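A.B. asks: sequence and predicted structure are below.
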Amino acid sequence: MGPFSDERVLVTGGAGFIGSHVTEALLEQGAQVIVVDDLSTGSVSNLSHLEGAGGLRMIEANAATLPVAALEGVTMGVHLAARTEVAASIEDPAGTVEANVLGSVHVLEALNKAGARSAVVASSAAVYGEVPIPVAEDGPHRPMSPYGAGKLAVDHFVHYYAHHTDLAVCALRFFNVYGPRQHPRSPYAGVISVFAKAALLGEDLTINGDGGQTRDFVNIADIVKAILIALRTPEARGEPINIGTGHGISIEDLAREMISVAGSPSRVRHGPDRPGDIRHSVAKVDKAESLLGFTPSVPLREGLVTTVEWMRSQQQG
Ligand SMILES: NC(=O)c1ccc[n+]([C@@H]2O[C@H](COP(=O)([O-])OP(=O)(O)OC[C@H]3O[C@@H](n4cnc5c(N)ncnc54)[C@H](O)[C@@H]3O)[C@@H](O)[C@H]2O)c1
């Protein structure tokens, strides 16, 4: 028994970084979970430790073409499936719209038709672009990539579904999420997993540009907490809500902190700027606090320790 024991929850992208943690937490709290994942960037190995637990069903499929019939009895949805690479979205804007915008509309429509009560959709800090910090939900919005523009478009569909159908859905705008299972393989992976890997191997930590750019890093445990609260908070209906810490750290300071946490001989070096990178990104977090009663609880140093421990176990395994 648990707070979700009467729920059957669809998690799209459930074999990915955020999705596998959400799936784990929902199962722990008594839910039945249907994961739909096409395994384009996710992996069944992210869920293999949950196989024996019961309550989990994995469907390997494109969420954008999922038939409503597959969602029979689903009461809630967490829509995380997306193409997440910002640079790839600049290479293929139309493909990004098809996967992330049309795909999301399809999932929202299917959840509504299946009679689901509530849902959370993954939005992103990328909807804001280069604007004064801290960034608030009501804007300005100046997305600098098809990825960010697509996420903003989906936020508008969330508003439509929330106010004109029976689906109580909200959009959580995640800032820079980090933690175990974020894979450092792709060049677009979170900087924390890339730095953790380099620090453990004793390799240089390469910063794009001067390192003065700031980011708001939020731990995966806090993201999971926010999603689970939002699923059960009707007042969040239709709202975009920032999920960050409200604190920025420069990439230079992050690199030094990582070297210290890993006890590594690595050094910091600087490479060229990454085109399209915003300078500062920090969330205004009042809305998450007032609407969801959510405040992040994992301090960055503690989160870095857990991430480094996980990375160490991966390198040894
Ligand atoms: N990680 C972050 O810092 C961050 C920040 C803001 C927003 N987000 C959003 O959170 C969500 C999850 O991101 P993540 O970091 O866990 O990435 P991830 O790549 O680990 O997870 C995405 C998952 O979706 C799956 N997928 C992709 N397209 C699919 C499709 N069409 N059908 C079914 N499955 C599909 C992938 O195989 C993968 O398992 C995404 O929507 C992303 O845009 C992430």
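C.D. replies: Received, thanks.
A.B. asks: can you list the residues of the stretch 1-150 of the chain near the ligand?
C.D. replies: Selection of the stretch 1-150 of the chain residues close to the ligand by Cβ under 6 Å from any ligand atom yields 12-13, 15-19, 36-42, 62-64, 80-84, 99, 103, 122, 124. Glycine gets a C-beta too; all of them are placed from N, C-alpha and C.
A.B. asks: tell me the buried residues within those residues.
C.D. replies: The neighbour count (16 or more other Cβ atoms under 10 Å) marks 12-13, 15-19, 36-38, 41-42, 63-64, 80-84, 99, 103, 122, 124 as buried among these.
A.B. asks: restricted to strands, list the residues you listed.
C.D. replies: Counting by DSSP state E, the part of these found in strands is 12, 36, 37, 122, 124.
A.B. asks: now, the residues of the stretch 1-150 of the chain next to the ligand that are in helices?
C.D. replies: Judged by DSSP state H, these include 17, 18, 19, 103 as members of helices.
A.B. asks: how much space separates the third one from residue 146?
C.D. replies: Think residue 19. 22 Å (Cβ to Cβ, to the nearest Å).
A.B. asks: same deal with the last one?
C.D. replies: Relative to residue 146, residue 103 is positioned 14 Å away (Cβ to Cβ).
A.B. asks: just give the nearest non-adjacent residue to residue 209, would you?
C.D. replies: Closest residue in space to residue 209, ignoring its immediate chain neighbours: residue 273 at 4.0 Å, by Cβ to Cβ, 6 or more residues apart in numbering.
A.B. asks: does the one you found really touch residue 208, like I thought?
C.D. replies: Yes - assessed by Cβ atoms under 8 Å, residue 273 is found in contact with residue 208 at 5.9 Å.
A.B. asks: which residue packs closest to residue 247, ignoring adjacent ones?
C.D. replies: Setting aside the residues directly before and after it, residue 247 is nearest to residue 216 in space (Cβ to Cβ, 6+ apart), at 6.5 Å.
A.B. asks: cool, residue 137 as well?
C.D. replies: Nearest residue to residue 137 in three dimensions, chain neighbours excluded: residue 240, at 4.8 Å (Cβ to Cβ, 6+ apart).
A.B. asks: tell me what that neighbour is bridged to.
C.D. replies: On the basis of DSSP bridges, residue 240 is bridged to residue 171.
A.B. asks: same check, this time on residue 33
C.D. replies: Taking DSSP bridges, one obtains residue 9, residue 56 as the residues bridged to residue 33.
A.B. asks: now for it, how many residues are close by?
C.D. replies: Other residues lying near residue 33 total 27 when counted by other Cβ atoms under 10 Å.
A.B. asks: please apply the same query to residue 174.
C.D. replies: Residue 174 has 24 nearby residues by other Cβ under 10 Å.
A.B. asks: cool, and residue 72?
C.D. replies: Close neighbours of residue 72, defined as other Cβ under 10 Å, add up to 10.
A.B. asks: identify the residues contacting the residue in the chain sticking out farthest from the centre.
C.D. replies: Distance from the C-alpha centroid of the chain, by Cα atoms, centre = their mean, peaks at residue 265 (31.1 Å). Residues near residue 265 by Cβ atoms under 8 Å, 6 or more residues apart in numbering: residue 202.
A.B. asks: now do the residue nearest to residue 137 against residue 22, distance only.
C.D. replies: The spacing between residue 240 and residue 22, counted by Cβ to Cβ, is 19 Å.
A.B. asks: after the helix or strand bottoming out on mean pLDDT in the chain comes which helix or strand?
C.D. replies: Of all helical and strand segments in the chain, the minimum by mean pLDDT, DSSP states H and E falls on helix 86-91, at a mean of 92. Following helix 86-91 in sequence order, the next helix or strand is helix 93-96 (DSSP states H and E).
A.B. asks: in that following helix, what's buried?
C.D. replies: For helix 93-96, a neighbour-count test (16+ other Cβ under 10 Å) marks residue 96 as buried.
A.B. asks: other SSEs contacting that helix?
C.D. replies: helix 146-164 (3 or more Cβ pairs under 8 Å, 6 or more residues apart in numbering; DSSP states H and E).
A.B. asks: mind listing what's buried along the helix it packs on?
C.D. replies: By 16+ other Cβ under 10 Å, the buried positions in helix 146-164 come out as 146-155, 157-159, 161-162.
A.B. asks: do the same with stretch 267-279
C.D. replies: Quick answer for stretch 267-279 (16+ other Cβ under 10 Å): 268, 270, 278.
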